[in-house]
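**Q** show me how the following folds:
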Amino acid sequence: MRSILKLLGLVVLGLTVLLGMTATLAVAETPMTKITVHVTDPKDKPVPSASVIIKFVSGHSLLKLGRGTRTEWELRTSQEGSVTLPRIPQGKILIQVIAKGFQTYGENIDISEEQKTVEVQLKPPQAQYTAH
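**A** Sure thing, here's the model as predicted:
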């Protein structure tokens, strides 16, 4: 009986190591991208402190393997109007930019490069109309 339990323990240990190696290899082979978002106003001046929200849309299934992985970021632009994300898996992402005094920007972008700079030019708010 002890030898069967010992053998089962070795099999479980071997499978655990094999699954861990497979997951590590899968994540290591995932192409990654470093993304910078540069936000400007209509006069090409940087927009500081704009909220930049990045959400995974598709092509990021390997990132969901581990616990505590992120599928969304919310950051603020610097005084130069830029924000750089940590390296993320390539695929389709949604970029949203929210800044006081401008229309909200949103676009799905397919990322397939090792490094990508996304230029976002915000528009002034639309005129408000009242219907009577």
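
**Q** low-confidence ranges in the protein?
**A** For the chain, applying pLDDT under 70 flags the ranges 1-28, 59-69.

**Q** got the domain ranges for it?
**A** Recorded structural domains for the chain (assignment: automatic domain parsing) are 1-30, 31-121.

**Q** let me see the ranges of the helices in the chain.
**A** 2-29 (DSSP state H).

**Q** all the strands of it, residue numbers only.
**A** Per DSSP state E, the chain carries strands over the ranges 32-40, 51-58, 72-76, 82-84, 88-89, 91-98, 105-111, 115-121.

**Q** what does stretch 89-105 contact?
**A** Under the criterion Cβ atoms under 8 Å, 6 or more residues apart in numbering, residues 30-33, 35, 37, 39, 41, 47, 49-60, 62-63, 106-113, 118, 120, 122-126 lie in contact with stretch 89-105. All C-beta atoms are positioned from the backbone trio N, CA, C, and that covers glycine.

**Q** in this structure residue 82 contacts residue 40, no?
**A** No - with contact taken as Cβ atoms under 8 Å, residue 82 and residue 40 are classed as non-touching, separated by 9.9 Å.

**Q** shared neighbours of those two, anything?
**A** Shared contacts of residue 82 and residue 40, defined by Cβ under 8 Å, 6+ apart, are found at residue 46.

**Q** and residue 77, how many residues sit next to it?
**A** Neighbouring residues of residue 77 were enumerated by other Cβ atoms under 10 Å; the total is 22.

**Q** residue 41 is in contact with that one, correct?
**A** No - applying Cβ under 8 Å as the test, residue 77 and residue 41 come out as separate, 11.7 Å apart.

**Q** need the residues touching each of the two.
**A** Common contact partners of residue 77 and residue 41 (Cβ under 8 Å, 6+ apart): residue 47.
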